[in-house]
Each structure stands twice: as C-alpha cells, then as structure tokens.
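Engineer: sequence and predicted model, in that order:
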Amino acid sequence: MTTLIWFRLDLRLHDHELVEQALALGQGLIPVYCFDPRQFGHTGFGFASTGSHRARFLWQSVADLRRSLRSLGSDLVVRQGHPETIIPDLVSHLGVTRVMWHCQPSPADQAIEVALSQGLAALGVPTLTAWADTLYHRDQLPFRLTELPELFTPFRQAVERHSSILPPRPSPGRLPPLPPVTPGDLPSLADLGLSPPAADRRAVLTFEGGEQAALARLQDYIWRTDSLRTYKLTRNRMVGANYSSKFSPWLALGCLSPRQVYASISQYETERVSNESTYWLVFELLWRDYFHFMLAKHGDRLFSVSGLRCLDIAWSQHWPDFEAWRSGLTGFPLIDANMRELAATGFMSNRGRQNVASFLTKNLGLDWRLGAQWFESLLIDYDASSNYGNWNYAAGIGNDGRGFRYFNLLKQAQDYDATGNYVKLWLPELRSLPASQVHQPWRLSAAQQRDFGVNLGVDYPLPMVDLEASASKNKAIYTLAEGSSKNSEPRPLRSQP
C-alpha cells in the first residue's frame, strides 16, 4: 500500500495534515512536486507569470523540502510537466494505491484538480484532499462558504466569536524510504526560461526560500529581536528588516503554516507580553484568510475587470503611462522608489503597495489588472487571493464599500518617509536633496537644482500628472460607473485579457 502526496503550496513538513494521515495509515509514501509549465507562462498582458525573483524563491523552497525529506529517510520526486499527466503516470508505474493533495481555491487550480481526479478515477485509485492554507480551517468556519460575509469586519467578528484555531501538527520524526523510482533533478532557472536575479544590498531582507528559513525568520522576528512587541507601531515603515514580520513569502508557498505563526504569537503573549501589536499580527492573518475564502466563494469574479462589485469602469490601458509606473519614472519619488525596490528585490512594503496601487488606478486611471499582473510576476510573496483581493480593494471594485479610496501621496510621503531616507535609498539621483524637498523635487528653482546637482527632466523626470486634477478626473469616471451599476443588471464575467 503506497500513498503519493502531491506537494503544491504546502512546501513544509510541520503542520502538514496529509503527511500525518499517510503515516497513520502505515503505508509507503511518495512525495512529489511538479514544476508546471503553466506557472512559467505569461499573464494576459504578456508579463512572465513567475518572474526571476519568484522563481528563485520557489526553487529554494522545493530544494529545502527535498533536503528535509532526505534527512528523514525519504526524498522528493521532482518532475516537469502537467500534474494531471505526470501523477497518473507515476501511479501506474509505481503501484500507488492512494493520492493526496491540499486543494486550492482558484478556478485554475481547481480545474487541474478535477482533471487529475478524473485520470486517477479511470485507474481506480482513490484520492484524499484537505485544506491547508488558512489560519482558520475551512471546516471550522461558523458559516458555509456560500454564506461568507461580504465585508471583512463581520467575517472577523464571526470567526473570533464562534470558531477556534486548530493547533499545528508536529513534524514527522522519520519517513519510509521511497520505492524504486528516480527522484529527478530540480530544473535550473535557465531550464524554466529565466535568468537568476542579481542581489541588491538595499533589500530589506535576504529572503531564502524553504521551511528552514521560514522557521528561522519566525524565531528571529518574534523571539531574538523581540520585534513583535512593537509590530503595530512599526508595520507601516519601509526601511529595515524588522519593521514588519516579512512572513508573507513563506506563507505564500506554504513553507510556513499560519497556525504555527499563531502558536508562536500565543506563546509570546504568555511568556513576554500580550498587547495591541501581538493581536495585530493575528489580525493581518485574518485578512489573509478572508481573501482566501473570498476567492473560494467568488472564483473568477476576483479576476474580472469589473471586480467583485461588477463596476463597469472605463479604465485606460495607455502603455506609456504604465511603463513609467512600472519603471519607477513617474516623477513622484515615493511611487518611483517603491517600484524600483519591487523590480530589484521582488518585495515591497504594505504601505508602498497601497500607494502605488492608488496612484495607478486613481491618478493614472489605468486598468487595475495591469498592476495586479505586474505584481503577480514580481512579488516573491504572491498568492492569487491576497494579490487580486487587495487590488480589487485598491481599485474600488472590491466588496468593501469604501468606493473611490484615494491616497494623498504627499501626505503619505510626509507621514511614512519624513526624513526621505527611503526615497534616497532607491533614488540615488535625489540623494543630495534635503528632506523638506526630496518628495517634491519639481518645486526646486533652477538655481536650487544647480546647487543640489539635480537636473529635473534629465536626471529625474518631471511629474507625469497633476495629483489633484488627475484624481478628480478619475473620480468622475468612477462615480459615473457607480451610478450606471445601480440601474443595470449584473454583467457576465470577463476573463483576464
């Protein structure tokens, strides 16, 4: 009797329900990971679905899982191709009697699961699936997914009042050896059509993929540096390793279990301090849960141009404007610094993401999916539900009811980068400017430009839009769409471009 476990976004051994179940059955175990070529294709707008930063982090995570399995007497079978083809082939050749995997909420992933289930059914091989991505297990919710509240606060209040968080499962101590099978080599980034990204010393953290790095970061942030104590006060900063937890890349690939994070927070609250900051990190995990369950409930609506609110907004797809935005050449230092950090490192702070998304949709009036798909390509912590859920929110087409939520860019710069340290880190052409002028260099006179050695329009671009006028223009477009939606039937869903 042999069980095959298909690893997907659960690249860990701690708190892994299916590994525990397989071992409880007393069967042989074959762990499998497939590098699916669809992961390395292109988005609807032509961006690499998985850019080099994301791909390297994924490769490191798979390599780390293999090392962990080998240390316990097993190994990871690695293949390139479609799982719905590869896994039935392995099942046939190895005499597998059961296949397990953790299910995913996105329609694309579910389509693969259906195809795999059909192929295995034709072989007479049973399957077992489980849910693993969230702090609150799907089966522990106080409502069905179809009845999931459309707003975050009622969701949070309901689960906090009526649900419980399961304790994390321990890691296995030993695993059965693989049957006779060639484990296979991990493909290089070149094999996946990518080049290794260059390291950048300005990065907030050296992100290393894998469960071991994830657990080390958990220990470092919470216990060694005691940073959890002040999380709520520092989380909106943009410079440094410990202004926020930075757990999101490992959570996105399942290298770190959200229940393991919660258990560590609870232990910290018992042994050190319980305060607003410790709760706030749990609060952020709840937002992550909410987006995962929203994707499970609404499916492709999350990716539709009209979003969860079905708002038919006349978005622009003016590529020169988009190129300026993604290249960090808008003429607005806070936007440009964040976009350059993203391109160089695959990471951006939460505060930065909110500002660049607001600028793209509320000042440039560009199709929000351009931004969402660019983030999908670059972010090492990309997951479909959080990325597209947050972009729905930023574009005003989510179900949060906040409407045209516009970030005052200059106020944001003053509030979160008053010294200009962040901007100067990523925009070296502005390093000579004083803090009072670095966020509005267009106000420099010709004489001041000479004094500071800055030639605006040459060394650094002039602003591409007027902030107030552009926001007013796009608010009118948004308001028109809102008015039209109240007098029309819901439109059919549109696919991604």
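Structural biologist: Nice, I can see it.
Engineer: so which bits of the helix or strand containing residue 213 are buried?
Structural biologist: Assessed by DSSP states H and E, residue 213 sits inside helix 211-219. If you call a residue buried by 16 or more other Cβ atoms under 10 Å, then helix 211-219 has these buried ones: 211-215, 217-218. Every residue, glycine included, has its C-beta placed from N, CA and C.
Engineer: so in this structure, which helix runs the longest?
Structural biologist: If you go by DSSP state H, the chain has its longest helix at helix 276-298.
Engineer: could you chop this protein up by domain?
Structural biologist: Domain segmentation of the chain under automatic domain parsing yields 2-132, 211-298, 319-485.
Engineer: OK, contacts around the residue nearest the centre of the chain?
Structural biologist: Residue closest to the average C-alpha location in the chain (Cα atoms, centre = their mean): residue 382, at 2.7 Å. Residue 382 makes contact with 54, 252, 375-376, according to Cβ atoms under 8 Å, 6 or more residues apart in numbering.
Engineer: give me the phi and psi for it.
Structural biologist: Dihedral pair for residue 382: phi -60, psi 130, per degrees, to the nearest 10.
Engineer: how about stretch 458-472 as CSV, C-alpha atoms only?
Structural biologist: C-alpha atoms of stretch 458-472 as CSV (Å, rounded to 0.1, in the frame of the first residue of the first chain):
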residue,chain,number,x,y,z
VAL,A,458,17.1,64.9,-17.3
ASP,A,459,18.3,63.2,-14.1
TYR,A,460,14.9,62.7,-12.8
PRO,A,461,11.5,63.0,-14.6
LEU,A,462,9.0,65.8,-14.0
PRO,A,463,5.6,64.7,-12.6
MET,A,464,3.6,62.9,-15.3
VAL,A,465,0.2,64.1,-13.9
ASP,A,466,-1.2,66.8,-11.6
LEU,A,467,-2.2,64.8,-8.5
GLU,A,468,-5.4,66.7,-7.6
ALA,A,469,-6.6,67.2,-11.2
SER,A,470,-6.0,63.5,-12.1
ALA,A,471,-7.7,62.2,-9.0
SER,A,472,-10.7,64.5,-9.7
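Engineer: next one: that stretch to chain centre, how far?
Structural biologist: Computed by Cα atoms, centre = their mean, to the nearest Å, the separation of stretch 458-472 from the middle of its chain amounts to 29 Å.
Engineer: other residues contacting it?
Structural biologist: In contact with stretch 458-472 (Cβ under 8 Å, 6+ apart) are residues 321, 324, 329-332, 362-365, 406, 409-410, 427, 429-430, 441-442, 454, 456.
Engineer: show me where the protein dips below the pLDDT cut-off.
Structural biologist: Counting by pLDDT under 70, the chain shows low-confidence ranges at 401, 486-497.
Engineer: picking up where we left off before, sitting in helices, which of the contacts of stretch 458-472 do you find?
Structural biologist: Of the contacts of stretch 458-472, the ones assigned to helices by DSSP H are 321, 324, 409-410.
Engineer: who does the longest strand along the chain pair up with?
Structural biologist: Determined from DSSP state E, the single longest strand within the chain is strand 28-35. As defined by DSSP bridges, the strand partners of strand 28-35 come to strand 2-7 (parallel), strand 77-80 (parallel).
Engineer: immediately after it, which helix or strand?
Structural biologist: Past strand 28-35, the next helix or strand by DSSP H and E is helix 52-71.
Engineer: in that following helix, what's buried?
Structural biologist: Within helix 52-71, the residues that count as buried by 16+ other Cβ under 10 Å are 52-66, 68-69.
Engineer: same check on stretch 194-209?
Structural biologist: Neighbour counts over stretch 194-209 (16+ other Cβ under 10 Å) mark 194, 197, 204-205, 207-209 as buried.
Engineer: so what touches it?
Structural biologist: Taking Cβ under 8 Å, 6+ apart as the rule, stretch 194-209 contacts 40, 48, 50-53, 55-64, 189, 213, 239-241, 243, 246, 249-250, 253, 255, 341, 344-347, 349, 380, 425-426.
Engineer: what's around residue 170, how many residues?
Structural biologist: Look at residue 170: counted by other Cβ atoms under 10 Å, it has 11 neighbours.
Engineer: can you point out the buried residues in the helix or strand where residue 356 lies?
Structural biologist: Element membership for residue 356, per DSSP H and E: helix 350-358. Within helix 350-358, the residues scored as buried using 16+ other Cβ under 10 Å are 351-358.
Engineer: hmm, back to that, pick the one among the buried residues of stretch 194-209 closest to residue 102.
Structural biologist: Distance to residue 102, by Cβ to Cβ, is smallest for residue 209 among the buried residues of stretch 194-209, at 18.2 Å.
Engineer: that closest one should be in a helix, yeah?
Structural biologist: No. Applying DSSP: H, G, I helix; E, B strand; the rest coil, one finds residue 209 to be coil, outside a helix.
Engineer: could I get the contacting residues of the closest residue to it other than its chain neighbours?
Structural biologist: In space, and not counting its chain neighbours, residue 209 is closest to residue 60: 3.1 Å by Cβ to Cβ, 6 or more residues apart in numbering. Contact analysis of residue 60 by Cβ under 8 Å, 6+ apart lists 208-210, 213.
Engineer: so which strand or helix has the residue located most distally from the centre of the chain?
Structural biologist: Farthest-out residue of the chain from its mean C-alpha position, per Cα atoms, centre = their mean: residue 447, at 44.9 Å. Following DSSP H and E, one finds residue 447 within helix 446-452.
Engineer: how far does that helix sit from its chain's centre?
Structural biologist: Chain-centre distance of helix 446-452: 42 Å, with Cα atoms, centre = their mean.
Engineer: in whatever helix or strand comes next after that helix, what's buried?
Structural biologist: With elements assigned by DSSP H and E, the helix or strand that comes after helix 446-452 is helix 467-485. Residues of helix 467-485 classed as buried: 467, 470-471, 474-475, 478, 481-482, 485 (neighbour count, 16+ other Cβ under 10 Å).
Engineer: which of the residues you listed sit farthest apart?
Structural biologist: 467 and 485 (26.8 Å).
Engineer: roughly how far does residue 190 sit from residue 46?
Structural biologist: 21 Å (Cβ to Cβ, to the nearest Å).
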